Every structure is written in structure tokens, then in C-alpha cells.
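# Here's a sequence, model it:
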Amino acid sequence: MVVRLRLQRFGRTHAPFYRMVAANARTPRDGKFLEIVGTYNPLANKEGMKEIRIKEDRLKYWLAVGAQPSNRVGWILGKFGILPPLPHHYNPQKMKAKKDEEKDK
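Down below sits the predicted model:
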């Protein structure tokens, strides 16, 4: 069984709130999960801060037993300094097309 750390969406329209969960990779996004590892609120509060709460001991446990963070969870954990930041991937063909487009102007 492959375990993934991923986000489960809650909240309402235009006001998302996410749970960070450890779940089987084959279950649906909002389906069954093994454990809630934390929460993430992407909307800034009055001070302009985005709220993230993580049970670090449980997160480290799931990473130690081989759970793979999803792209977004990896980005969030890197942004808040819990994991090393993910490298940026640039598509060289897209970059070349952009340069050619700028030359034509």
C-alpha cells in the first residue's frame, strides 16, 4: 500500500480550508484517510499570515515509513521550512518558445 501525504479540501465556495492527511494513494481526494497530520488555511488572516498547523512528530513518522508527499504538500512543507524546498522545474522548450516570441516583437 502506497501512502501519500496530501490535502483534503474543506470549507465552502471561495473559502477553502485543507486538512493534511496520510491516505492510501488510490483513495479519492476527500475519501478515507489513515490519519490527520495537520491543517492549512491558504487565505490570509488580518495580519496577512497564512495559517498552517502540523503535528511534526506524526509527519516525521509518516515520512520515515515511506509516505510520499504530493506536489502541493511538498511545496507547502518546503515553504514553511519543514522539508527542504522542492527544486523548480523549467521546461526548456517553453523557455525557447518564449525567447523566440520576444525576438519577433
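
# any idea how far His88 is from the residue lying closest to Thr27 once chain neighbours are set aside?
Spatial nearest neighbour of Thr27, excluding adjacent residues (CB to CB, 6 or more residues apart in numbering): Phe33 at 7.3 Å. C-beta here means a position set from N, CA and C on the backbone, and glycine is covered the same way. According to CB to CB, to the nearest Å, Phe33 and His88 sit 29 Å apart.

# So the two - more neighbours on which side?
Neighbour totals were compared for Phe33 and His88, and Phe33 leads with 18 against 5 (other CB atoms under 10 Å).

# what pLDDT does that one get?
With respect to pLDDT, Phe33 has a value of 91.

# Which parts of this structure are strands?
Counting by DSSP state E, one finds strands in the chain at the ranges 3-12, 15-24, 35-41, 51-54, 68-69.

# Give me the buried positions along the fourth one.
By neighbour count, with 16 or more other CB atoms under 10 Å as the criterion, the buried positions of strand 51-54 are Ile52, Ile54.
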